[in-house]
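Enquirer: how would this look folded up:
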Amino acid sequence: MRKNLKKINPMDLARPDKLLFKGLKTLSDLTLTPRNMYADLKSQSKGKAEITFIGEKKLEEVKVQLFSFNGEDIEESNEKDFSVMENLNNSHIHWLNIHGLHDVELIQKLAETMNLDRLSVRHLLDTTQRPKVEEFDNYLFFNIRSMLLDEDDQLDVEQLSFVLGKNYVISFQEKESDHFDDIRYKIREGIGFVRKRTSDYLIIQLLDAILDNYFETIEDINEDITELEEEVYKNPQQKTLLALEKSKKRADLIKKSLTPFMESINYILNNRTSFFQKPNIKYINDLRMSCANALEEADSTARSLESLANIYYASLSQKMNETMKVLTTVATIFIPLTFIAGIYGMNFEYMPELQYRNGYFVIWGVMIAIFIGMLVYFKRKKWL
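Expert: Numbering: from 1, shown residues only. As a prediction, this is how the structure comes out:
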């Protein structure tokens with residue numbers, strides 16, 4: 001990462017605006033560094049025909065959670081023994097949730113048990129690729145991204161992958177998070193329709209929970225915009241511009257992540273996949289409308305940030321114009337005064353006015369009169 005840092009030219013210190021834009025460009029370069037780093041790992045993996053985890057290790061140990069339920073009873077297990085997945089009870093819905101993706105051997109063991117295609121395993125272990133949806137004979141695979149601001153006001157981006165079968169759902173998360181706590185609570189307490197419906201209804205609920213994270217993140221960014229708007233109008237500073245650029249990057253990232261989310265939903269609706277039952281299509285339509293609303297909100301947020309950035313630059317330009325106007329006015333006032341002082345400062349021997357007894361006071365009077373007259377004139381023209 002050190003190689004991406006650029007040295008600052010001492011001459012740039014005289015140009016704060018130039019230094020600021022260099023800082024913004026460096027920030028952008030550093031943001032892209034992990035992607036470039038993982039590109040080499042991808043190439044090596046493909047060259048060796050190996051399945052490799054590509055991403056950041058966010059847990060020390062992979063954790064497993066299995067729910068098996070129907071309308072009458074529920075079983076919950078945290079064992080890493082996937083043999084129970086080989087003969088699933090058709091009278092129950094099974095939800096297996098994996099926290100942590102770095103244990104490739106464990107993921108491959110699950111893939112062999114569930115007869116997952118090698119391509120699906122490669123995609124779920126690569127957290128840097130664009131989300132996608134793929135349909136196979138016995139399951140539907142797709143992955144999406146979740147975004148949420150953490151306690152340190154940093155954008156936490158996590159890739160989640162899903163495998164949907166006839167009576168089971170497998171979800172893969174990079175780390176432990178509270179995305180699905182409400183759904184787990186409903187399953188344990190028998191609240192709502194989750195335990196009474198099929199596996200496709202369960203995955204719709206999971207996707208809806210992820211979409212709620214997007215709305216929450218957009219709302220947090222909009223709250224920041226309200227504060228930045230006040231700064232832009234009252235006292236725009238360089239840190240204000242940096243905050244605007246940071247929020248713009250977040251809004252753009254949300255839009256880029258929601259677009260494949262929408263594409264996945266459209267794929268499900270347009271292809272009428274057999275993994276989603278007809279009674280649940282209405283919930284997919286509702287999910288598409290929510291995703292469209294989130295995209296509109298993100299686009300509106302990005303436009304608001306762009307407008308604030310334009311206002312920031314206009315405000316700086318206005319301040320500069322005001323400063324130049326004052327300096328020009330002062331210089332204009334002193335031009336005739338300097339002219340008079342220059343004439344009578346010449347060392348000619350024969351200058352009649354120099355012999356006047358009150359010449360000094362007369363010149364002072366003339367200069368003061370000119371000064372006051374020009375001030376009054378500029379005030380009437382509203383140049384001051």
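
Enquirer: could you pull out the helices for the stretch 1-150 of the chain?
Expert: 16-48, 104-114, 118-125 (DSSP state H, counting those that start in this stretch).

Enquirer: and the angle from the last one to helix 104-114?
Expert: Read it as helix 118-125. 140 degrees (axes from the mean of the first three to the mean of the last three CA atoms, to 10 degrees).

Enquirer: ok, and for helix 118-125, which residues are buried?
Expert: For helix 118-125, the neighbour count (16 or more other CB atoms under 10 Å) marks 120-125 as buried. Using the backbone N, CA and C atoms, a C-beta is placed for each residue, glycine as well.

Enquirer: Include pLDDT and distance to N310 when you put those residues into TSV, please.
Expert: Formatted as TSV, the buried residues of helix 118-125 follow (pLDDT from 0 to 100; distance: CB to CB, whole Å):
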residue	pLDDT	distance to N310
S120	91	45
V121	91	47
R122	89	44
H123	89	40
L124	90	42
L125	90	43
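
Enquirer: And those, which two are furthest apart?
Expert: S120 and L125 (9.6 Å; CB to CB).

Enquirer: The stretch 201-350 of the chain: helices as residue ranges?
Expert: 238-271, 281-343.

Enquirer: Now do the longest one against helix 238-271, angle only.
Expert: It refers to helix 281-343. Using the same axes, to 10 degrees: helix 281-343 against helix 238-271 is 150 degrees.

Enquirer: Against which helices or strands is helix 281-343 packed?
Expert: Here helix 281-343 touches helix 199-234, helix 238-271, helix 359-380, going by 3 or more CB pairs under 8 Å, 6 or more residues apart in numbering; DSSP states H and E.

Enquirer: returning to that earlier point: what is the nearest of the buried residues of helix 118-125 to D200?
Expert: Closest to D200, out of all of the buried residues of helix 118-125 and judged by CB to CB, is S120, at 18.0 Å.

Enquirer: Please tell me how far the residue lying closest to the closest one once chain neighbours are set aside sits from E60.
Expert: Of all residues not flanking S120 in the chain, F141 sits nearest, at 4.6 Å (CB to CB, 6 or more residues apart in numbering). Distance of F141 to E60, computed by CB to CB, to the nearest Å: 27 Å.

Enquirer: So which of those two has more stuff around it?
Expert: For F141 and E60, the more surrounded residue by other CB atoms under 10 Å is F141, and the numbers stand at 21 against 8.

Enquirer: Tell me where the model's unsure across the protein.
Expert: Across the chain, the ranges flagged by pLDDT under 70 are 1-49.

Enquirer: ok, and the closest non-adjacent residue to the residue nearest the centre of it?
Expert: Per CA atoms, centre = their mean, the C-alpha nearest to the average position across the chain is that of R250, at 1.4 Å. Among residues not flanking R250 along the chain, L155 sits closest, at 5.4 Å (CB to CB, 6+ apart).

Enquirer: List the beta-bridge partners for that neighbour.
Expert: L149 (DSSP bridges).

Enquirer: So it is in contact with S257, correct?
Expert: No. Counting by CB atoms under 8 Å, L155 stays clear of S257, with 10.6 Å between them.

Enquirer: Show me which residues of stretch 65-80 are buried.
Expert: Neighbour-count burial for stretch 65-80, counted by 16+ other CB under 10 Å, picks out 65-69, 74.

Enquirer: got the CA positions of that stretch in PDB?
Expert: Extracted in PDB, the C-alpha atoms of stretch 65-80 (Å, rounded to 0.1, in the frame of the first residue of the first chain):
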ATOM      1  CA  GLN A  65     -26.200 -22.400  12.600                       C
ATOM      2  CA  LEU A  66     -28.900 -24.700  11.400                       C
ATOM      3  CA  PHE A  67     -32.700 -24.300  11.900                       C
ATOM      4  CA  SER A  68     -35.100 -27.100  11.000                       C
ATOM      5  CA  PHE A  69     -38.700 -26.100  11.400                       C
ATOM      6  CA  ASN A  70     -42.300 -26.300  10.400                       C
ATOM      7  CA  GLY A  71     -45.500 -24.900  11.800                       C
ATOM      8  CA  GLU A  72     -45.500 -27.200  14.800                       C
ATOM      9  CA  ASP A  73     -41.900 -27.700  15.900                       C
ATOM     10  CA  ILE A  74     -38.300 -26.300  15.600                       C
ATOM     11  CA  GLU A  75     -34.800 -27.700  16.000                       C
ATOM     12  CA  GLU A  76     -31.700 -25.600  16.300                       C
ATOM     13  CA  SER A  77     -28.100 -26.800  16.000                       C
ATOM     14  CA  ASN A  78     -24.600 -25.300  15.900                       C
ATOM     15  CA  GLU A  79     -22.700 -28.400  14.800                       C
ATOM     16  CA  LYS A  80     -20.400 -28.400  11.800                       C
END
